[in-house]
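Engineer: no sequence for this one, just the structure:
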């Protein structure tokens, strides 16, 4: 099946190619979550909402984890902006760690394509998973209202200056090579965060060794007395999940920490680590209306963010 022949769901979002075992068939109906029309039950949605209001991230995760990725996308659409932030934070690894979900979210986003209009097409965005989860995903509904014909595909990448397969990228270091248009977005604050009951024995959670040379890991090691992390994960979003499960201190973005009840700086006197973020695309796309529309939307997400 060609890309253009792939089906769209009712919300206009393009889903990943699915094997027979991964499809979204009628037999996925669950009495606790899905009704006879294969949509989320009101009672189930209310249970998720109540868990969010109670700040019970574990309950939220347990409620949402069994859902098919396309249903997770549907669930996000049902909440207002602040609750979408909370929900995305509670289930971030369901969004970011599953390789299939990147394709699923592409399906979810490639909606109502109007091929005969100038505002129809696909744009691929490469950026850190934490920015996807806490900044971009909660704003998708507003994007869809403004640009119903533009489909988005998100690729996870960190500390990479090359466009690769992406139309535009978000990077923490201003590129100095290549024919790129570069737009400054703002600063993302990071620190080592912990719970009140987190151990103070020097153990902490950081990123994998390929990120050792970058400032956030260097500063985090200073905060932790020069000690190497005892657990390493690939992304900041995975640090958040691991901190939640182990209660160990960990390096994470401020935008994620403020949404997790109980988290505070491991060292209250430590200064935040500031990571600048830039949006980049090839200069030959400077006048591309689709790319400019997506770039402006991404920039607005940073401008409107409650806390970075």
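Structural biologist: Arrived safely, thanks for sending. Predicted model, so just to flag it, every value in this text is computed and none were measured.

Engineer: which helices and strands does the longest strand belonging to the chain pack with?
Structural biologist: Secondary structure of the chain per DSSP state E: the longest strand is strand 180-194. Identification of packing neighbours for strand 180-194 by 3 or more C-beta pairs under 8 Å, 6 or more residues apart in numbering; DSSP states H and E yields helix 215-223, helix 236-246, strand 250-253, helix 254-257, strand 264-265, strand 273-282, helix 289-304. C-beta coordinates here come from the backbone N, C-alpha and C atoms, glycine included.

Engineer: Averaged pLDDT, that strand. What do you get?
Structural biologist: Here strand 180-194 scores 91 as its mean pLDDT.

Engineer: List the buried residues in it.
Structural biologist: Buried residues in strand 180-194, counted by 16 or more other C-beta atoms under 10 Å: 180-181, 183, 185, 187-194.

Engineer: list the contacts for residue 215?
Structural biologist: Shown in contact with residue 215 (C-beta atoms under 8 Å, 6 or more residues apart in numbering): 273, 275.

Engineer: Tell me, how many residues neighbour residue 61?
Structural biologist: Neighbourhood size, residue 61 [other C-beta atoms under 10 Å]: 18.

Engineer: so it sits right up against residue 90, yeah?
Structural biologist: Yes. Using C-beta atoms under 8 Å, residue 61 makes contact with residue 90 at a distance of 5.7 Å.

Engineer: one step back: quick check: mean pLDDT across the next helix or strand after the longest strand of the chain?
Structural biologist: Once the chain leaves strand 180-194, the next helix or strand it forms, by DSSP states H and E, is strand 205-207. Strand 205-207 shows an average pLDDT of 95 in the prediction.

Engineer: Which strands and helices lie in contact with strand 205-207?
Structural biologist: Taking 3+ C-beta pairs under 8 Å, 6+ apart as the contact cut, strand 205-207 packs with helix 215-223, strand 231-233, helix 236-246, strand 250-253.

Engineer: tell me the most buried of the ones you listed?
Structural biologist: strand 250-253 (a mean of 28; mean count of other C-beta atoms under 10 Å).

Engineer: helices or strands next to that one in the packing?
Structural biologist: strand 180-194, strand 205-207, helix 215-223, helix 236-246.

Engineer: Reformat the ones you listed as TSV; add distance to residue 282.
Structural biologist: TSV is the format used below for those (distance: least, C-beta to C-beta, whole Å):
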stretch	distance to residue 282
strand 180-194	6
strand 205-207	28
helix 215-223	27
helix 236-246	27
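
Engineer: Next, the buried residues of the helix or strand where residue 85 lies.
Structural biologist: Under the criterion DSSP H and E, the helix or strand holding residue 85 is helix 81-90. Using 16+ other C-beta under 10 Å as the test for burial, helix 81-90 gives 83-90.
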